[in-house]
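Asker: coords please:
(2 chains)
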Amino acid sequence: MSKMGEAGQRGPKIRSDCWIGVELRESGGVEVDLKSKVAGMFGQRITALLQEGCEILGVSHAFVQVEDQGALPYTLAARLESAVRRAGHDPAAEFLLPMKDHGLATSAADRLRRSRLYLPGNEPKFYVNAGLHDPDGVILDLEDSVAPTEKDAARCLVRNALRSVDFHGAERMVRINQGERGIEDLEWVVPHNVQLILIPKVEDPDQVRAVDRRIEALQQQHGQQTPVFLMPIIESALGAWRAYEIGVASEQVVGLAIGLEDYTADIGAQRTLAGTESFWARAQVLNGARAAGVQPIDTVFSDVTDMVGLRESVIEAKALGFVGKGCIHPRQITVVHDAFAPEKTEINRAKRIVTAFEAAEAQGLGVVSLGSKMIDAPVVKRAQTTVATAIRVGLLTENWRELDGAGVPGARIDGKLTESEKGGL
Amino acid sequence: MAQLVTNAAGRQVPAAINGHAATPFQGVGKFHPTGRKAAPPLRACSDYPMDGNKVVDSIKTALTNAGLRDGMTISTHHHLRNGDYVANAVFAAAAEMGVRDLRWFPSASFPCHEPQVQHLESGVIHHIEGSMNGPLGDYCTRGKMKGMAVLRSHGGRYQAVQDGDVHIDIAVIAAPTADPFGNATGDRGPTACGLLGFALADSEYADHVIAVTDNLVPFPCVPWQIQGNNVDQVVVMDSIGDASKIVSGTTQITKSPDRLLIAELTARFCDEAGIVQDGFSFQAGAGGTALSFALFLRDMMRERSVKARFVRGGSTQYLVDMLEEGLTDYILDGQTFDLEGVRSMRENPGHVNTSPFTSYNWHGKGNFASMLDAVVLGATEVDVNFNANVVTHSDGRLLHGIGGWQNCLFSKCTILPIPSFRDRIPVLVEDVTTLCGPGELIDVIVTERGIAINPLRRDLHEQLRGSSLPIRPIAEIKSEVEEICGGAAALPELGEKVVAAIKWVDGTVIDCVRQVGG
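Answerer: Numbers count the residues shown, from 1 in each chain, chains lettered A, B, ... in the order given. Just a heads-up that it's a prediction; the model follows:
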């Protein structure tokens, strides 16, 4: 009885993926039967890659059938490995392609996380250009976007994508599954320089600690140096209730995200556009996150055709204090970034406050004042944040002080605020 | 085996095509033909019905009256696009009459013309001179056609008719509306397609002209896009085409985020290059990316209250909206792609019917195409020297026609927004499989991975210095693509046999297509 396994997708409508069927044999070596839309261009390379893969996986005799719709090497490798595993073969080793340089970057706890683009874990066609749309983060999703029968294949594909795909500087995030399956997911991504793990449906700090412990163990085992940050997703009444505890459950937590589809179901409400039903939870998660010193991240906006609604939704989230939004379509990213960006008057006001504060400090004054107004410390702090954010998103240059001092039009250091700039002081 | 010579672009091209000597490409703007234009035979009006009724009972009768015999050239046109019934009906009638070795000279062919394969097999058609895609392209690529195919641009077709390179014995013009005298228009009738510009040269230069309509109106058919004074006979068919495949109900902009990104980068490039100014002009096709580009441009124009003097079609509802909104004074249209385009052409005096003569013809005393400030086109491949291919894919198979593409390259700024690769198929390559457009005429490539400006355009490089747009050398983008695709693609295995010659806009041979597969 020969053993069979198959993985991937086939058919004329499939793009950038392949289907691989593996029949394990007793003898005869590895025979590859390739049907590919790029056979003339890459046929020999594809066959060589699959032969090499079989050798690494410890498959000596097999009939390997391929129907390829232009899959890139990392996808071919993942589909082969999944098919071999599904045929019941316990691989001698994982079939890993070389780690590309762009996969080695380190993230930072306080980096911008305005936009996180969800990518379905088992769909290779979305991966390769995702970074070009310039999201702050990409989420390779192993959870809800992957059918239960494809969880294993998605793990292989996500692992390979982390090693091969250039996400152009976006933070490389993976959303793991819930519970034990999520803990198992970690060994597929942690050794491959994932930068942040999203933990779904967290309602107990122990869930975060369990993930943290497993990551630490894997890092020791693989000699990983770079940090792996955590972002728990609050999606239930209990989770919202315990937001602060979850936020401080681990040093590695850098943000708390809220997911409203599950939350509204959990409290027995309908999700509305106005969002009254989720206001408490959002405020709770926001305050929990701020209390824990981590970034509060808002839910996704799910109507991908409504850019005006998206913009309004981000402006509302920003007004509440959120610093990030989930994106389910690349075209949402620019809208999110624009809406989160500090406004011009906001930046100008912040610059004056920072300038006044620095002047006061230089003169050894304990009190910062602008014109006749005294400026409180929290106002200074917020102004410093605004200036820093403006610099990070490219609305202000690092040397704005010199430029302003050199008499750039519109810049004043006399400390006087215009009427519109006075708001919020 | 055809004798090959090396042309000015370094390409090996046939020295003769179907037994007639051909001139190899000599460089852009280098070929200056002399002599006089070709002309149709003299006729006497007394040989035509004095009552103006030229209607005969069938295509077969009309072909018989026209004196159809072996080896003649029959032309048809593609304004009915993939809904055309007329070309198939003409060759079915010719087959019934037992004639052989015809040259079919369509302005383009579509997948609906697959039945012509049987006439190529049986010997009724000797070869095709016109764009081929789908089953006909495949048939030609496999080397099965008796003669060598010739591909020309829309302007090149006009040029070939005017200078006598192609002598049309019988032109058959599908006419959505016509009168018994032969006046015809495309802007109305159950199979309205907009305009009939592709048939204009044929109506003036063919020995014999037959108009075929399914909407015969009493004289006069007004407006007439084709003049009855050039028409010999009129045939009425039940239907000349499938209206649903002639124009689409609505044209679709792309939903692909990557293509939208390319379209947006293209619009931003035009902006930063200083093209988007009052009184400017542009042309963009009806493909998803080009349409989206037009929408980004429209938003930009609205925002800054900039108005174009004219835009060139293929028109769509989006261009029509711009015209009606006052964002452009005119649409100078070459073909209409959707129902809104047809309506506008019929109703709006600012929506002007043009032809390859006005816009593309090498023998014209100037062309509209070269006056455009920017043109946005597609391509199947572009190489590191900005040479582009539009007829074959990287596997060497003939898949597209040239259309007006070559003619449009003469605009002031020619921009190709293209993905850098499709699935695993590189679009940016070392050397194009088939050369259709010389790199010196292609100014900018916009891909999802960056914008490459032709080094010859120092002015554009200068203008865009310090831009926040991702401007990169073309070779660098190509290397990135190879890195992603796992190396450079192997070159296709091409046969020795030349199956198609690719003409440049002036009638010289710029490249050829070799047999692939059997």
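
Asker: can you tell me the closest non-neighbouring residue to the residue of the stretch 201-350 of chain B found nearest chain A?
Answerer: Per CB to the nearest CB, the residue of the stretch 201-350 of chain B with the smallest distance to chain A is residue B:257, at 3.8 Å. All C-beta spots, glycine's among them, are computed from the backbone N, C-alpha and C. Distances taken as CB to CB, 6 or more residues apart in numbering or on different chains place residue A:330 nearest to residue B:257, at 3.8 Å, with adjacent residues excluded.

Asker: report how many residues lie close to residue B:400.
Answerer: For residue B:400, the tally of surrounding residues (other CB atoms under 10 Å in any protein chain shown) stands at 21.

Asker: I'd say the residue nearest to residue B:257 and residue A:117 touch.
Answerer: Yes - between residue A:330 and residue A:117 there is a contact under CB atoms under 8 Å: 6.3 Å.

Asker: looking at the two, which one has more neighbours?
Answerer: With neighbours defined as other CB under 10 Å, residue A:330 and residue A:117 compare such that residue A:117 has more, 27 against 24.

Asker: what lines up beside the strand or helix carrying that one in the sheet?
Answerer: Using DSSP states H and E, residue A:117 maps to strand A:115-120. The strands beside strand A:115-120 in its sheet (DSSP bridges) come out as strand A:137-141 (parallel), strand A:324-327 (parallel).

Asker: what does the longest one contact?
Answerer: I take that to be strand A:137-141. With contact meaning CB atoms under 8 Å, 6 or more residues apart in numbering or on different chains, strand A:137-141 is reached by A:113, A:115-121, A:127, A:130-131, A:158, A:161-162, A:167, A:170-175, A:189, A:196, A:198, A:326.

Asker: please point out which parts of it sit buried.
Answerer: Residues of strand A:137-141 classed as buried: A:137-141 (neighbour count, 16 or more other CB atoms under 10 Å in any protein chain shown).

Asker: alongside chain B, which residues does the stretch 51-200 of chain A contribute?
Answerer: Neighbours of chain B within the stretch 51-200 of chain A, by CB under 8 Å from any CB of the partner chain: A:69-73, A:128-129, A:132-133, A:166.

Asker: where does pLDDT dip in the stretch 201-350 of chain A?
Answerer: Nowhere does the stretch 201-350 of chain A drop to pLDDT under 70.

Asker: in it, which residue sits closest to chain B?
Answerer: Closest residue of the stretch 201-350 of chain A to chain B, CB to the nearest CB: residue A:330 (3.8 Å).

Asker: quick check, that residue in a helix?
Answerer: No - under DSSP: H, G, I helix; E, B strand; the rest coil, residue A:330 sits outside any helix and is assigned coil.

Asker: near chain A, which residues of chain B are found?
Answerer: B:257-258, B:260-261, B:394-395, B:422-426, B:448-449, B:484-487, B:489-490, B:492-493.

Asker: check contacts around residue A:33.
Answerer: Contacts of residue A:33 by CB under 8 Å, 6+ apart are A:63-66.

Asker: can you pull the buried residues of stretch A:347-359?
Answerer: For stretch A:347-359, a neighbour-count test (16+ other CB under 10 Å) marks A:347-357 as buried.
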